[in-house]
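> test case, fold it:
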Amino acid sequence: MAEGPATNKMSEAISRALPFLRRYARAVTGSQKRGDEWVRLCAEVAMQQPDLVAQTEDTKLGVFTLFHRLQQPFGGLEQAGSENSVSGRLKESLTDMAPLQRQVLLLTVLEGFTVADAAKILGIETEAAERSLDEARRELQRVAAVRVLVIEDEAVIALDVADIVRNAGHQVVGIAATEKTAVELAKQHSPHLVLADIQLRGGDSGIAAVNQIMRSINVPVIFVTGYPERLLTGKQVEPAFVISKPFDPDLLRAAIAQALDTVAI
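Numbering: from 1, shown residues only. Next up, the predicted model:
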């Protein structure tokens, strides 16, 4: 049977939601490979049975709800972090949270859902989601301090990011506006984490800077971009975490904890 305009429109809407589901799945599973496998399953079901998504007014909400409905019969999405990871050595991580706390936190601060929408996605009461979010935020305060290198060419934004990092309890070892400076600071300070913008001063690339840094040290990276879907194609090795400007302190804390937990050193 030929697809009609409504079906095509729904398929396009589902496709637009998938990069964000991919980001969430990787964060909640702690694995790019495992997260992408779940997303592929969800995408196949959504495309074959779009009515399962069409039951909600918002397509992204419907896709995320379907994602959790599909994984429930097979157990939790989460898996334990590696003892060889940075966070394993620090004894604190995002995966120390109860699964529900972690899911509510990521759905709200990472994906921008309301607490009520997060509750709907997870199939729980709004009050339970609110309690889980409060508990998750308290847990984030316990994540051990790490050394962070900030790669950002806009001075005001760089200072704001540095303040957020420090207020989250971490140490900023340097701020770099160019590829050369970023590489030099990384060699000098051996950061636990790199927080990098994509476009730098003078046409330099944050991605190129990170690639150079990774030749000498294996360090988790958080990329900052206004277009996260462009980095979340599932077709290449990608950052441990991708966040969008502007971001709030809770999101950065969650990103730092998650990046440290998923990348072995």
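
> residue ranges for the helices of the stretch 51-200 of the chain, please.
For the stretch 51-200 of the chain, the helices defined by DSSP state H, counting those that start in this stretch cover 51-54, 59-71, 86-90, 99-105, 115-122, 126-140, 155-167, 179-189.

> can I get those in TSV with distance to residue 17, mean neighbour count and mean pLDDT?
Yep, even glycine has a C-beta here, placed from its N, CA and C like the rest. Below are the helices of the stretch 51-200 of the chain laid out as TSV (distance: least, Cβ to Cβ, whole Å; neighbours: other Cβ atoms under 10 Å; pLDDT from 0 to 100):
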stretch	distance to residue 17	mean neighbour count	mean pLDDT
helix 51-54	9	17	84
helix 59-71	4	21	91
helix 86-90	29	19	40
helix 99-105	17	23	90
helix 115-122	12	20	96
helix 126-140	20	17	90
helix 155-167	28	15	86
helix 179-189	33	18	94
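
> just put the ones you listed in CSV and tack on distance to residue 254.
Formatted as CSV, the entries for those read as follows, by distance: least, Cβ to Cβ, whole Å:
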stretch, distance to residue 254
helix 51-54, 26
helix 59-71, 17
helix 86-90, 13
helix 99-105, 6
helix 115-122, 14
helix 126-140, 7
helix 155-167, 12
helix 179-189, 23
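
> nearest to residue 259, out of those?
Proximity to residue 259, assessed across the helices of the stretch 51-200 of the chain by Cβ to Cβ, is greatest for helix 86-90 (8.5 Å).

> and of the helices of the stretch 51-200 of the chain, who's closest to residue 244?
Shortest separation from residue 244 across those is recorded for helix 155-167, at 13.0 Å, computed as Cβ to Cβ.

> with only the CA atoms kept, save that closest one in CSV.
These are the backbone C-alpha positions of helix 155-167, laid out as CSV (Å, rounded to 0.1, in the frame of the first residue of the first chain):
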residue,chain,number,x,y,z
ALA,A,155,35.9,35.1,26.0
VAL,A,156,32.6,35.7,27.7
ILE,A,157,31.3,32.3,27.0
ALA,A,158,34.6,30.7,28.1
LEU,A,159,34.5,32.5,31.5
ASP,A,160,30.8,31.5,32.0
VAL,A,161,31.7,27.9,31.2
ALA,A,162,34.7,28.0,33.5
ASP,A,163,32.5,29.4,36.3
ILE,A,164,29.9,26.6,35.8
VAL,A,165,32.7,24.0,35.9
ARG,A,166,34.2,25.4,39.1
ASN,A,167,30.8,25.8,40.7
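
> low-confidence ranges, the stretch 151-265 of the chain, go.
Low-confidence segments of the stretch 151-265 of the chain, defined by pLDDT under 70, span residues 226-240, 258, 260-265.

> mind listing the strands for it?
If DSSP state E, counting those that start in this stretch is used as the criterion, the strands of the stretch 151-265 of the chain fall at 171-176, 193-197, 221-224, 241-243.

> these: which one's closest to residue 122?
Nearest of those to residue 122, taken as Cβ to Cβ: strand 241-243 at 21.2 Å.

> helices or strands up against the closest one?
With contacts defined as 3 or more Cβ pairs under 8 Å, 6 or more residues apart in numbering; DSSP states H and E, the packing partners of strand 241-243 are strand 221-224, helix 249-262.
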